[in-house]
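A.B. asks: this one's structure only:
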């Protein structure tokens, strides 16, 4: 393949990605997810995290399908539905014993953020989107850091804590800020994507 052909293919890929809003939709939805659960200490508002996190990926899929119906360019794959199933399974596995006995709630929050990040990273890799992949990797690092840094925060064992930590606790604040950054970044990319159309 010549350099010119490779450049044309990359330009076509970027234009199709823009038409699909393949970068902005996941960033806005995952950002809103993290913001909501960060400010509510991962409480069940509007639903428990184990349902809310997978539903975020279902929402991205549904928005992509709406976009496909509107402009005729869609993802054409069930990647986000498969991702929702993976997130649902992985989050529920983290709530099983012995994990729930070993980890405090802050550590679980870090694990949950990492699960969403890994899912987004796989989707970005499949979509050949280096920007979304870099953002997902940064989110993965954040989840790992929260899990490691909160090792001695409170009593180990999710079921023994009894109450949710305050939203002003630093892990929840950091997750909320990460959510804001992701959502704002998604809105910026959405405007750029619309400008390419």
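C.D. replies: Everything's here; your move. Small disclaimer: the values here were computed from a predicted structure and weren't measured. Residues are numbered from 1 along each chain as shown.
A.B. asks: pLDDT below threshold where in this structure?
C.D. replies: Residue ranges of the chain with pLDDT under 70: 1-3, 5-21, 70-78, 153-167, 196-197.
A.B. asks: so which residues of it form strands?
C.D. replies: In the chain, no strands are defined using DSSP state E.
A.B. asks: my read: residue 61 touches residue 68, true?
C.D. replies: No: Residue 61 lies out of contact with residue 68 (Cβ atoms under 8 Å); the separation is 10.3 Å. Backbone N, C-alpha and C define where each C-beta goes, glycine included.
A.B. asks: neighbour count winner among those two?
C.D. replies: residue 61 (22 against 15; other Cβ atoms under 10 Å).
A.B. asks: please report how far the more buried one lies from residue 114.
C.D. replies: 22 Å (Cβ to Cβ, to the nearest Å).
A.B. asks: give me the distance between the helix ranked longest in the chain and the centre of its chain.
C.D. replies: Ranked by number of residues, the top helix in the chain under DSSP state H is helix 170-196. Here helix 170-196 is found 11 Å from its chain centre; the criterion is Cα atoms, centre = their mean, to the nearest Å.
A.B. asks: which residue ranges form the helices in this protein?
C.D. replies: Along the chain, the segments classed as helices by DSSP H run 3-20, 24-39, 49-71, 79-94, 99-102, 105-126, 130-149, 158-161, 170-196.
A.B. asks: which other residues reach the fourth one?
C.D. replies: Identification of contacts with helix 79-94 by Cβ atoms under 8 Å, 6 or more residues apart in numbering yields 49-51, 53-58, 60-61, 64, 99-100, 103, 108, 111-112, 115-116, 119, 122-123, 126-127.
A.B. asks: got a PyMOL select line for the buried ones in those?
C.D. replies: Buried members of the contacts of helix 79-94, defined by 16 or more other Cβ atoms under 10 Å, are picked up in PyMOL with:
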select buried, resi 49+50+53+54+55+56+57+58+60+61+64+100+103+108+111+112+115+116+119+122+123+127
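A.B. asks: same question for stretch 90-98: list its buried residues.
C.D. replies: Within stretch 90-98, the residues that count as buried by 16+ other Cβ under 10 Å are 90-91, 94-95.
A.B. asks: tabulate those (TSV), appending distance to residue 133.
C.D. replies: As requested, the buried residues of stretch 90-98 are exported to TSV (distance: Cβ to Cβ, whole Å):
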residue	distance to residue 133
90	19
91	22
94	24
95	28
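A.B. asks: pick out the most distant pair among these.
C.D. replies: Farthest pair in the buried residues of stretch 90-98 (Cβ to Cβ) is 90 and 95. Separation: 10.1 Å.
A.B. asks: what's around residue 130, how many residues?
C.D. replies: Neighbours of residue 130 (other Cβ under 10 Å): 10.
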